[in-house]
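Novice: pasting the sequence and the predicted model now:
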Amino acid sequence: ADGLLDVAALTGNGEVILLLGRAERTFVNETLEAVPEEIAGCRGFDVHLVELDGSEGLELVASFAGEPTGMTGMEGLSKPGCPGLGAIRAWKLIEKPGSAASSR
């Protein structure tokens, strides 16, 4: 809502990275939360800022999934992929004192 460019990115391990724009043309890295167990190891595929609940502020919506990769069954040569069936997660972005952003 501050009019500055922000960037949201997803990792190959279920993490959400927010880079919040600052007036000095820099970014502040904000971590949303610990990676929930059901998406740990899942690749992030898509992320959007959308209005879901009709209240002030946007929600961050992201999808996660992933098949095993590499040479499955061979230790060190494969990654297990997403432990479940993947997930779509949503976070309400809120400001918290002493920080650029938070989530709940």
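Specialist: The structure has been received and is ready for your questions. As the structure is a computational prediction, the values presented were derived from the model and not from experiment.
Novice: list the residues that contact the nearest residue to residue 83 once chain neighbours are set aside.
Specialist: Closest residue to residue 83 apart from its sequence neighbours, by CB to CB, 6 or more residues apart in numbering: residue 41 at 5.8 Å. C-betas here are computed from N, CA, C, even on glycine. Applying CB atoms under 8 Å, 6 or more residues apart in numbering, we find residue 41 in contact with 13-14, 66, 79-83.
Novice: likewise residue 88?
Specialist: Neighbours of residue 88 in contact, by CB under 8 Å, 6+ apart: 61-64.
Novice: so the residue nearest to residue 83 sits in a helix?
Specialist: No - under DSSP: H, G, I helix; E, B strand; the rest coil, residue 41 sits outside any helix and is assigned coil.
Novice: verify the stated contact: residue 91 with residue 57.
Specialist: No - look at residue 91 against residue 57 with CB atoms under 8 Å: they stay out of range, at 10.6 Å.
Novice: low-confidence regions, this structure specifically.
Specialist: For the chain, the stretches flagged by pLDDT under 70 are 1, 95-104.
Novice: what about 90?
Specialist: Applying pLDDT under 90 to the chain flags residues 1-7, 11-15, 18, 20-25, 29-43, 49-51, 53-59, 66-86, 91-104.
Novice: strands along that one, start to end?
Specialist: 7-10, 16-21, 27-31, 43-50, 59-65, 69-70, 78-79, 87-94, 102-103 (DSSP state E).
Novice: just give me how far the second one sits from the chain centre.
Specialist: Between the centre of strand 16-21 and the centre of its host chain there is 9 Å, according to CA atoms, centre = their mean, to the nearest Å.
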